[in-house]
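In: no sequence on this one, just coordinates:
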């Protein structure tokens with residue numbers, strides 16, 4: 001096994017663990033995107049180009065965009081709740 005593949009596998013494990021342990025949702029989302037990118041590189045190295053393209057498109061692309069939109073909407077909801085709470089006080 002190449003050192004490059006071992007490095008990618010180590011980074012994959014680190015990204016997986018840090019995604020779960022990170023308290024900041026935005027940082028966790030960026031780490032998740034890095035995880036998907038590393039996974040697509042590993043699929044390409046394993047000579048599975050169909051899985052590599054799918055992982056890059058769905059894992060790092062579409063699902064990350066959807067999670068960014070969800071995170072923005074959550075922050076807007078929290079901001080509105082805090083504004084209403086301040087008005088009542």
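Out: Okay, I see it. Since the model is a prediction, treat every value here as computed from it, not as a measurement.
In: for the longest helix along the chain, name the packing helices and strands.
Out: In the chain, with assignment by DSSP state H, the single longest helix is helix 63-88. Applying 3 or more CB pairs under 8 Å, 6 or more residues apart in numbering; DSSP states H and E, one finds that helix 63-88 makes contact with helix 25-45. From N, CA and C alone the C-beta is placed, and that goes for glycine too.
In: and the helix it packs on with helix 63-88, angle?
Out: For helix 25-45 against helix 63-88, the angle by axes from the mean of the first three to the mean of the last three CA atoms, to 10 degrees is 180 degrees.
In: in helix 25-45, what counts as buried?
Out: Residues 28-43 are the ones in helix 25-45 that count as buried (16 or more other CB atoms under 10 Å).
In: need the max-distance pair from these.
Out: The span of the buried residues of helix 25-45, defined through CB to CB, is set by 28 and 43 at 22.6 Å.
In: contacts only, for the residue nearest the centre of the chain.
Out: Centroid-nearest residue in the chain, with CA atoms, centre = their mean: residue 32, separated by 2.1 Å. By CB atoms under 8 Å, 6 or more residues apart in numbering, the residues touching residue 32 are 15, 19, 64, 67.
In: which of those residues tops the neighbour count?
Out: Most neighbours among the contacts of residue 32, by other CB atoms under 10 Å: residue 15, with 20 neighbours.
In: just checking, that one touches residue 38?
Out: Yes - counting by CB atoms under 8 Å, residue 15 does reach residue 38; the two are 6.5 Å apart.
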